[in-house]
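A.B. asks: Sequence and predicted model, in that order:
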Amino acid sequence: MFSLTPVLVAVVCILIVWIFKNADRNVEKQAREPRARAESRPWVDEDLRDCTDLHEGEEDADEWHQSEETVDHIPFCPTRYSEEEMVKRSQEFYALLNQRRSVRFLSNEQIPMEVIENVIRAAGTSPSGAHTEPWTFVVVKDPEVKHRIREIIEEEEEINYTRRMGNRWVTDVKKLRTNWIKEYLDTAPVLILIFKQVHGFVETGKKKVHYYNEISVSISCGLLLAALQNAGLVTVTTTPLNCGPRLRVLLSRPTNEKLLMLLPVGYASKEATVPDLRRKPLEQIMVTV
């Protein structure tokens, strides 16, 4: 029996060493995985991630507000059109929106501020999760602030194009003749920066959950694009990757707001051109079951 003791000790030692080595490998593997994911998708912008967490209020109940308010319901009588009128209106609306293009050549001609206010009012009619209306539209007209925005975006965009986006992405957008130079940020009379509020606050200072804030604000942006087209203005949707925190500080926005989109707004310049693109036909985008 005693002659086996050294053997058992050796076996135990080998097992201990094997366990520790595997533990080290697992730790190293876990440390490498985030880096690998970051390297495979280096262009991911944290501000553009939907961080809605339906259970975040449970983690620290003292910080979060639980609403118990009730809302009265009232009669709703929407306008109803004849079938002929419906077809006509839907055709006219499609024809209007089908003229919408992403325009990167804007005139510096000023536009009425009342128009900007009205299109943002239209965007504010968007549905939102639990009617939290988690959007903030920052309108920038000051030339110095616009230029500072351009400097921040061009600095980050040069890095995006040369190091973050990768050859495939750069090649795909090359046909659109776009790069990190954004002259329209200086030229456009108005810049509209759309921030999503990842959570809100109630009067007591407690946090208020904003459900589906990314989807809600994205829908609002779609309505804003339609309203701008209806008003005869042009824009180009811009998602300034990795610029959100610096632009948020520049514009003195609170930390619960994350930049989702930037729209330079104005009239198309006389020399404006757009890519000769074609939209997919109905049979490629619609399925009837």
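C.D. replies: Received the coordinates, thanks. Residues are numbered from 1 along each chain as shown.

A.B. asks: use CA for all of it now, contacts and neighbours both
C.D. replies: Noted.

A.B. asks: where along the stretch 1-150 of the chain do the strands fall?
C.D. replies: Listed in chain order, the strands of the stretch 1-150 of the chain (DSSP state E, counting those that start in this stretch) span residues 135-140.

A.B. asks: Sketch out the low-pLDDT regions of it for me.
C.D. replies: 1-12, 15, 17-18, 20-61 (pLDDT under 70).

A.B. asks: now do 80
C.D. replies: 1-62, 65-69 (pLDDT under 80).

A.B. asks: Make sure residue 172 is indeed in a helix.
C.D. replies: Yes. Read with DSSP: H, G, I helix; E, B strand; the rest coil, residue 172 is one of the residues of a helix.

A.B. asks: Any idea how many residues pack against it?
C.D. replies: Residues near residue 172, counting by other Cα atoms under 10 Å, number 9.

A.B. asks: before we move on, what about residue 13?
C.D. replies: Residue 13, neighbours per other Cα under 10 Å, totals 12.

A.B. asks: and it, how far is that from residue 275?
C.D. replies: 70 Å (Cα to Cα, to the nearest Å).

A.B. asks: repeat for residue 288
C.D. replies: Residue 288 sits 31 Å away from residue 275, going by Cα to Cα.

A.B. asks: And those two? Which one has more around it.
C.D. replies: Counted by other Cα under 10 Å, residue 288 and residue 275 do not tie: residue 275 has more neighbours, with 11 against 4.

A.B. asks: Quickly note the distance from that one to residue 125.
C.D. replies: Relative to residue 125, residue 275 is positioned 32 Å away (Cα to Cα).

A.B. asks: got it, and residue 174?
C.D. replies: Distance from residue 174 to residue 125, by Cα to Cα: 36 Å.

A.B. asks: Then residue 194?
C.D. replies: The span separating residue 194 from residue 125 equals 15 Å under the rule Cα to Cα.

A.B. asks: which one of the two has more residues nearby?
C.D. replies: Taking other Cα under 10 Å, residue 194 and residue 125 do not tie; residue 194 has more neighbours (23 against 13).

A.B. asks: Give me the pLDDT value at that one.
C.D. replies: On pLDDT, residue 194 comes in at 98.

A.B. asks: Could you verify that it is part of a helix?
C.D. replies: No. Checked against three-state DSSP, residue 194 lies outside a helix; its state is strand.

A.B. asks: I'd say it and residue 124 touch.
C.D. replies: No. Taking Cα atoms under 8 Å as the definition, residue 194 is not a contact partner of residue 124, at 11.4 Å.

A.B. asks: tell me, what residue is most central in the protein?
C.D. replies: With distances taken as Cα atoms, centre = their mean, residue 260 lies nearest the centre of the chain, 3.1 Å away.

A.B. asks: which residues sit against the helix or strand that one falls within?
C.D. replies: Here residue 260, judged by DSSP states H and E, is contained in strand 257-265. Contacts of strand 257-265 with the rest of the structure, by Cα atoms under 8 Å, 6 or more residues apart in numbering, involve 47-48, 106, 184-185, 188-199, 233-240, 244-245, 247-248.

A.B. asks: Select only the buried ones of those in ChimeraX?
C.D. replies: The buried residues among those can be selected in ChimeraX (16 or more other Cα atoms under 10 Å) with this line:
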select :47,48,106,184,185,188,189,190,191,192,193,194,195,196,197,198,199,233,234,235,236,237,239,240,244,247,248
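
A.B. asks: Tell me which of the contacts of strand 257-265 fall in helices.
C.D. replies: 184, 185, 244, 245, 247, 248 (DSSP state H).
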